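Peer 1: Okay, sequence plus prediction incoming.
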Amino acid sequence: MTKSLDLFALLAYCGLIYWLSAQPSLPLPEVFNFQDKALHFGAYFVMAVLSWRAFRHLETTGRNLAIVSFAFCSLYGLTDEWHQSYVAGRNASVGDWMADSLGAGAAAALLLRITLK
């Protein structure tokens, strides 16, 4: 049961990211500089935690799990930026993809460190 819930949580979260990316704009007030990068970092940090939980049922070593989780999230972030390039009012950004990848990498590194203790 946990395996199915973990996979469902990841897929639902990916669906939410896709839906948000399909919106012409998001009604968020800008509170600080580079807020969008912080939001990307946080969103993909969460995605990496969810992917770690979903993929842990397939991978046995922490190192492989960290690599697979990071790669999945980074690739999803790349495809999400490509998707946004086709949405009116949105554009693709290498900076956003880098923030996505950094957030995923931070989560994977943290989870790897926690599991190695």
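Peer 2: Alright, I've got the coordinates. Residues are numbered from 1 along each chain as shown.

Peer 1: For the chain, which residues score under the pLDDT cut-off?
Peer 2: Low-confidence segments of the chain, defined by pLDDT under 70, span residues 1, 59, 117.

Peer 1: Now do the residue nearest the centre of it against residue 38, distance only.
Peer 2: Centroid-nearest residue in the chain, with C-alpha atoms, centre = their mean: residue 44, separated by 2.6 Å. When distance is defined by C-beta to C-beta, to the nearest Å, residue 44 is 11 Å away from residue 38. Placement of C-beta: from N, CA and C, glycine included.

Peer 1: still on that earlier bit, quick check: next helix or strand after the strand or helix carrying the residue nearest to the centre of the chain?
Peer 2: Applying DSSP states H and E as the criterion places residue 44 in helix 35-55. Next in sequence after helix 35-55, counting helices and strands by DSSP H and E, comes helix 62-84.

Peer 1: Could you give me the buried positions within that next one?
Peer 2: 62, 65-66, 68-70, 72-74, 76-77, 80-81, 84 (16 or more other C-beta atoms under 10 Å).

Peer 1: likewise stretch 17-32?
Peer 2: 17, 21.

Peer 1: Apart from its neighbours in sequence, what residue is nearest residue 55?
Peer 2: residue 68 (5.2 Å; C-beta to C-beta, 6 or more residues apart in numbering).

Peer 1: picking that back up, between residue 44 and residue 38, what contacts are shared?
Peer 2: Counting by C-beta atoms under 8 Å, 6 or more residues apart in numbering, the common neighbours of residue 44 and residue 38 are residue 99.

Peer 1: Pull the number of nearby residues for residue 112.
Peer 2: Residues lying near residue 112 (other C-beta atoms under 10 Å) number 18.

Peer 1: which residues touch it?
Peer 2: 62-63, 65-66.

Peer 1: ok, so what distance separates it from residue 96?
Peer 2: Taken as C-beta to C-beta, the span from residue 112 to residue 96 is 25 Å.

Peer 1: repeat for residue 71
Peer 2: For residue 71 relative to residue 96 (C-beta to C-beta), the value is 18 Å.

Peer 1: show me the contacts for residue 5.
Peer 2: Residue 5 neighbours (C-beta under 8 Å, 6+ apart): none.
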